[in-house]
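*Asks:* Provided below are the primary sequence and the corresponding predicted coordinates.
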Amino acid sequence: IGISIGGPIVKDKLFYFLAYNPVETKTSASIQNIPLPFNISAGVPSRVPFDPTPQYPSAVAGIQTQKRTSDNYAAKLTWYASPNHRLELTAFGDPSSGDMGPQSFQLRNIDFPQGGGDSSIEYGANNYSLKYDAVFTPTFFMQAQLGYHDGQFNETSAINASAYTDQRQLRCYLSPAFCN
């Protein structure tokens, strides 16, 4: 549910407009545990036979939900200095944030040796403009505008990206092409 309001501050001279519309989205996916190769605990990669009991550590089957929120807003202030001169100040944006970021649902709950947990994401923009309109004579007029855009896309990883783990056994197990 959003809200907007506007009107005069000073009759025929100064006007305002404000709007706010918060948006929340939820995306869900069904997760299934992946069985470990039969001999992985002994350090020997093997694709068959499979032991259906062991699962990847801390992987949780079920529904995983990703939530994002966006604070959409707009504001405008208009001043008529005279019938031929107008100044407008405008701001609008959609700063947003959410849990988990654009990472794979399947990896969400795996307890990585480097650290686990949810990642987070922040994105969106804030925009500002200042605009001046003037009519000096019927044949001479001017419009000047100055704008500023502040956009962002920041993701905080769920794992320590500077640490690495040898995943050759896992890749070989999941796809024989990695074993060649």
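*Replies:* That came through fine.

*Asks:* okay, CA-based contacts and neighbour counts for the rest of this
*Replies:* OK.

*Asks:* residues contacting the nearest residue to Ala134 once chain neighbours are set aside?
*Replies:* Excluding its sequence neighbours, the residue lying closest to Ala134 (Cα to Cα, 6 or more residues apart in numbering) is His85, at 4.5 Å. By Cα atoms under 8 Å, 6 or more residues apart in numbering, the contact set of His85 is Tyr132, Asp133, Ala134, Val135.

*Asks:* please repeat the previous calculation with a cut-off of 10 Å.
*Replies:* Trp79, Tyr132, Asp133, Ala134, Val135, Phe136, Phe141, Met142, Gln143 (Cα atoms under 10 Å, 6 or more residues apart in numbering).

*Asks:* next, please give the residue ranges for the helices of the chain.
*Replies:* Secondary structure of the chain (DSSP state H): helices located at 168-174.

*Asks:* where do the strands sit along it?
*Replies:* Applying DSSP state E to the chain gives strands spanning 3-10, 14-31, 35-37, 50-55, 62-82, 85-93, 96-99, 120-137, 140-156.

*Asks:* contacts for the last one, please.
*Replies:* Read that as strand 140-156. 84-103, 118-136.

*Asks:* again, 6 Å this time
*Replies:* The contact list for strand 140-156 (Cα atoms under 6 Å, 6 or more residues apart in numbering) reads 119-135.

*Asks:* hmm, back to that, which of the contacts of His85 has the most neighbours?
*Replies:* Counting neighbours by other Cα atoms under 10 Å, Trp79 leads the contacts of His85 with 19 neighbours.

*Asks:* quick check: closest non-adjacent residue to it.
*Replies:* Leaving aside its sequence neighbours, Trp79 sits nearest to Leu14 (Cα to Cα, 6+ apart; 4.5 Å).

*Asks:* quick check: beta-bridge partners of Tyr73?
*Replies:* For Tyr73, the beta-bridge partners under DSSP bridges are Tyr20, Gly93.

*Asks:* pretty sure it sits against Ala19.
*Replies:* Yes - using Cα atoms under 6 Å, Tyr73 is in contact with Ala19, at 5.5 Å.

*Asks:* ok, the two, which is more surrounded?
*Replies:* Between Tyr73 and Ala19, counted using other Cα under 10 Å, Tyr73 has the larger neighbour count: 19 against 15.
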